[in-house]
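**Q** Need a 3D model of the sequence below.
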Amino acid sequence: MDESSVSLDGRTISWSNLTGVELFDGQSLEIEYDTQVVSSGITINTIEVSAFETCPHVWHYCEAKATVYATSSPAFKSRDVDSDGNNETATDTNRDLTDGYETYGDHDASSDVVVSIDGDGDNKVDYFIDITRDGKPNRYWDPDDCILMDLDLKDVDGDGTKEWVYDSDDDDVKDRYYDPDDGKIHLYDVEPPTIEIVKPLKHYFYKNDVRRRLSFRTIIIGPITVKANVGDDRGVEKVEFYVDGKLKHTDTKEPYYWTWLFKSIELKKRHIIKVKAYDVTGKSSSDEVVVWRYRYHPLLDHPILTIGGALLISKMLKGQPVNEEPPQPPGPGPILNKKPVADVGGPYSSYVKEVIVFDGSDSYDPDGSIVSYEWDFGDGSTGSGEAPSHMYKSSGEYTVTLTVTDDGGKTASDKALVTVSLKQSEERLVLEPFWYIVGGLGVILLISLIALEFRRDFFE
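**A** Residues are numbered from 1 along each chain as shown. Model (predicted):
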């Protein structure tokens, strides 16, 4: 037919005034055409034919529909799933583009599917595959997302049956597992347990396991029960209690606590209490608090002190007007950082070109710790550290200055005198030339006097 008779109007192609086409009874008309599908999915082409019958003079109409199925992906995916050098195939057998590649095939029968299920929540079939033919899954294959990885078989829920743990989104983090007991996919625990030490609380004073009042730091007198709140959506396996890095107790049942007994001979000392929790997957997290333990003294429980304190409180309460509400106690004020105390040591003495070791270890911070020691040796040289060393090149008196900085940023300084002397041998080396000169001048003077006297006698 003549191409000039074809017109394109939007999505409709039409031919008009076709001549030379004459159909008789029993004959049919075939129309062939090519179509290009530019997007995936189902495309329906409708063909309408109208014909005029000469006798009788009537129009006849006929309609036909052509359905084109197109996909943006092939109808199958192939990959060497079992590492035998041959590709296995996952096929979209129903061609519906909705449930993925639902049929698995291994032509050499070297692998088999143990379970086919939606493993990543996208409503498409994924596979747990046995590549050793022993009935146990070894790998997870997601054909539509092109993910293939080894499984990790472990008892996640503690019921004695191993679950199949895998990474569903290929980000190197195992985030799901299949449970053979219920045949379902579950989210795998990727978060560590939560933990918080609730006793002793920071900046409180405790005596005999009872919280008494706010304090500028956590102070403990007598025994203390260390308690922690621990939580995990998969279950807590154990909770460990440490003091200064040493394991003291392990608890496996809630509530999680440990009683730290006191030592009557222990002086004031700084400690770090640390509590570490583990969940059933092996993940862990910890919390810690810095405390100061003071020596317990029996007089703190003397009846005079306890009864006297109670009577004083009772008297204060009775002094309140009956018709007035007692005033609310003031809230805790801001916790102020106290300045550290610098102790430079000394006084120091040494000889020229001999090393002096300075000692600033008696410096301390009453409410924290010292983080830096800076030294000025008084001869233009400086140093750092708790116990630095220095050598003076000349004798004399020098002033050494120590500046310490605490963990709150405050500083303090202290000074000491350093006396540097020459050794005795060096002193002789300095003094002997002087006496040589004095002696020489004396001899010359004596000879001159003798010569003068002799000359006077000779001429007279």
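**Q** what's the average pLDDT for stretch 448-460?
**A** Stretch 448-460 comes out with an average pLDDT of 62.
**Q** residue contacts, the spatially most central residue of the chain?
**A** By Cα atoms, centre = their mean, the chain has its centre lying nearest to residue 285, at 9.9 Å. Residues counted as contacts of residue 285 (Cβ atoms under 8 Å, 6 or more residues apart in numbering) are 192, 193, 194, 195, 276, 277. In this view, the C-beta of every residue, glycine as well, is placed from N, C-alpha and C.
**Q** can you rerun that using 10 Å?
**A** Shown in contact with residue 285 (Cβ atoms under 10 Å, 6 or more residues apart in numbering): 191, 192, 193, 194, 195, 230, 232, 275, 276, 277, 278, 279.
**Q** what's the closest non-adjacent residue to the last one?
**A** Nearest residue to residue 279, sequence neighbours excluded (Cβ to Cβ, 6 or more residues apart in numbering): residue 232, at 4.2 Å.
**Q** okay but the one you found is in contact with residue 195, surely?
**A** Yes. Counting by Cβ atoms under 10 Å, residue 232 touches residue 195, with 9.2 Å between them.
**Q** these two touch, right, residue 353 and residue 421?
**A** No. Contact criterion Cβ under 10 Å: residue 353 and residue 421 do not qualify, at 11.4 Å.
**Q** Looking at the two, which has the bigger crowd around it?
**A** Between residue 353 and residue 421, residue 421 has the larger neighbour count (other Cβ atoms under 10 Å), namely 16 against 13.
**Q** for the helix or strand containing the residue nearest to the centre of the chain, what is the average pLDDT?
**A** Using DSSP states H and E, residue 285 maps to strand 284-294. Taken as a whole, strand 284-294 has a mean pLDDT of 91.
**Q** Adjacent strands (with direction) for it?
**A** If you go by DSSP bridges, strand 284-294 pairs up with strand 219-221 (parallel), strand 269-279 (antiparallel).
**Q** Out of those, which is the most enclosed?
**A** For these, the largest average neighbour count (mean count of other Cβ atoms under 10 Å) is found in strand 219-221, namely a mean of 21.
**Q** pLDDT of that strand, averaged?
**A** 89.
**Q** residues in contact with it?
**A** 200, 203-210, 212-213, 226, 260, 262, 268, 271, 273, 291-297, 300.
**Q** so residue 443 sits in a helix?
**A** Yes. Using DSSP: H, G, I helix; E, B strand; the rest coil, the assignment for residue 443 is a helix.
**Q** State the distance from it to residue 105.
**A** Look at residue 443 and residue 105: by Cβ to Cβ, to the nearest Å, they are 124 Å apart.
**Q** Could you do residue 93 as well?
**A** 10 Å.
**Q** Next: residue 407.
**A** 67 Å.
**Q** what do you get for residue 24?
**A** Counting by Cβ to Cβ - residue 24 and residue 105 are separated by 53 Å.
**Q** So between the two, which is more surrounded?
**A** Neighbour tally, residue 24 and residue 105, criterion other Cβ under 10 Å: the higher count belongs to residue 105, 13 against 5.
**Q** And the strands paired with strand 284-294: which comes nearest residue 59?
**A** Closest to residue 59 of the strands paired with strand 284-294, according to Cβ to Cβ: strand 269-279, at 80.0 Å.
**Q** Could you tell me which residues make contact with residue 345?
**A** 357, 358, 359, 360, 361, 362, 363, 387, 400, 402, 414, 416.
**Q** That one in helix, strand or coil?
**A** Looking at residue 345 with three-state DSSP, the answer is coil.
**Q** Over to residue 450?
**A** Relying on three-state DSSP, one would call residue 450 helix.
**Q** I figured residue 100 hits residue 118, correct?
**A** Yes. Counting by Cβ under 10 Å, residue 100 does reach residue 118; the two are 8.1 Å apart.
**Q** residues shared between the contacts of those two?
**A** Here residue 100 and residue 118 have 124, 125, 126, 142 as joint contacts, going by Cβ under 10 Å, 6+ apart.
**Q** Among the residues you listed, which one sits closest to residue 135?
**A** Among those, and counting by Cβ to Cβ, the member closest to residue 135 is residue 126, at 19.0 Å.
**Q** From residue 437, how far off is the closest one?
**A** 105 Å.
**Q** Give me the more crowded residue out of those two.
**A** Applying other Cβ under 10 Å to residue 126 and residue 437 shows that residue 126 carries more neighbours, namely 26 against 10.
**Q** So residue 447: helix, strand or coil?
**A** Following three-state DSSP, we place residue 447 in the helix state.
**Q** Apologies, that question was intended for residue 227.
**A** Going by three-state DSSP: residue 227 is strand.
**Q** Now for it: which residues touch it?
**A** 196, 197, 198, 199, 200, 241, 255, 256, 257, 258, 259, 275.
**Q** Select from those residues the one having the most neighbours.
**A** Neighbour max across these (other Cβ under 10 Å) = residue 275, 27 neighbours.
**Q** picking up where we left off before, residue 197 versus the residue nearest to the centre of the chain, what's the distance?
**A** In terms of Cβ to Cβ, residue 285 sits 12 Å off from residue 197.
**Q** what's the overlap in contacts for those two?
**A** Counting by Cβ under 10 Å, 6+ apart, the residues touching both residue 285 and residue 197 are residue 275.
**Q** Helices along this structure, start to end?
**A** For the chain, the helices defined by DSSP state H cover 303-318, 424-459.
**Q** Could you tell me the least trusted of those?
**A** helix 303-318 (a mean of 48).
**Q** domains of the chain?
**A** 3-70, 76-187, 195-300, 348-422 (automatic domain parsing).
**Q** And stretch 249-261, end to end?
**A** 12 Å (Cα to Cα, to the nearest Å).
**Q** what's it in contact with?
**A** 195, 198-200, 209, 220, 222-231, 236-243, 248, 271, 273, 275-278, 291, 293.
**Q** Assess the claim that residue 415 and residue 378 are in contact.
**A** Yes. In this structure, residue 415 is within contact of residue 378 by Cβ under 10 Å, at 9.0 Å.
**Q** what is in contact with these two at once?
**A** 399, 400, 401.
**Q** Kindly tell me how buried residue 405 is, as a neighbour count.
**A** 17.
**Q** give me every residue that touches it.
**A** 340, 342, 365, 370, 371, 372, 373, 374, 411, 412.
**Q** excluding its backbone neighbours, what's nearest it?
**A** For residue 405, the spatially nearest residue (Cβ to Cβ, 6+ apart) is residue 372, at 4.5 Å.
**Q** I'd assumed residue 412 was in contact with that neighbour.
**A** No. If you go by Cβ under 10 Å, residue 372 and residue 412 don't touch, sitting 11.6 Å apart.
**Q** shared neighbours of these two, anything?
**A** 403, 404, 405, 406.
**Q** quick one: which of those is most hemmed in?
**A** Most surrounded of the shared contacts of residue 372 and residue 412: other Cβ under 10 Å gives residue 404, at 25 neighbours.
**Q** Quickly list what that residue is bridged to.
**A** residue 373, residue 412.
**Q** quick revisit: now list the buried members of the contacts of residue 345.
**A** Buried subset of those (neighbour count, 16 or more other Cβ atoms under 10 Å): 358, 360, 363, 400, 402, 414, 416.
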